[in-house]
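Engineer: Provided below are the primary sequence and the corresponding predicted coordinates.
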Amino acid sequence: MSHSDLKAVFDASAVIAWIFNELGATRVEAAMHHAGVNAVNLAEILWKSKVKGYKGDLGDLAESLSKMGLTIIPFDAEQAALVPFVQTAGVRLGEVQPTLAKSLSLADCTCIATALHLDLPIVGDDVLWTALDIRGLKTVTFR
């Protein structure tokens, strides 16, 4: 599938919910054929799956995700250049709304950068992202 056919970028949390059949997994599965995840977030998915006790082969898991229709999006220099901008928006949010203060992880920033780069909404479960002051950022929660 080409990137122009994608309708959303998945955060790692969405894919992990599907793998472990957590709340929202059905919504994730329904959107998987038209969604992508960047390669950095794929690494996060594999790592978190191992930590959460995934019993299968992690290489097979990555292949299964592709067979389910999930597109793996290469993470390139253009997306990387957006990461500091995204991280700064997270810092600004914490300064304005201390109750929402939470540092965005590098993986969070790469997911947001990919979505901005492709002008697609993010499907995830972090409601903090809806409060980020980033022009063009669209988020959808799956839970």
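Structural biologist: Right, received. Where do you want to start? Numbers count the residues shown, from 1 in each chain.
Engineer: need the helix or strand of the chain with the lowest average pLDDT.
Structural biologist: helix 77-96 (a mean of 90; mean pLDDT, DSSP states H and E).
Engineer: Which residues does it contact?
Structural biologist: 38, 100-104, 106, 108-110, 112-114, 116-117, 128, 131-134 (CB atoms under 8 Å, 6 or more residues apart in numbering). For glycine as for every other residue, the C-beta is placed from the backbone atoms N, C-alpha and C.
Engineer: neighbours around residue 63, how many?
Structural biologist: 11 (other CB atoms under 10 Å).
Engineer: and what of residue 135?
Structural biologist: Residues near residue 135, counting by other CB under 10 Å, number 6.
Engineer: measure it to residue 92 for me?
Structural biologist: For residue 135, the distance to residue 92 equals 13 Å [CB to CB, to the nearest Å].
Engineer: Then residue 110?
Structural biologist: Residue 110 is 19 Å from residue 92, by CB to CB.
Engineer: in the helix or strand following the least confident helix or strand of the chain, what counts as buried?
Structural biologist: Of the helices and strands lying after helix 77-96 in sequence (DSSP states H and E), the nearest is helix 106-118. Neighbour-count burial for helix 106-118 flags 107-118 (criterion: 16 or more other CB atoms under 10 Å).
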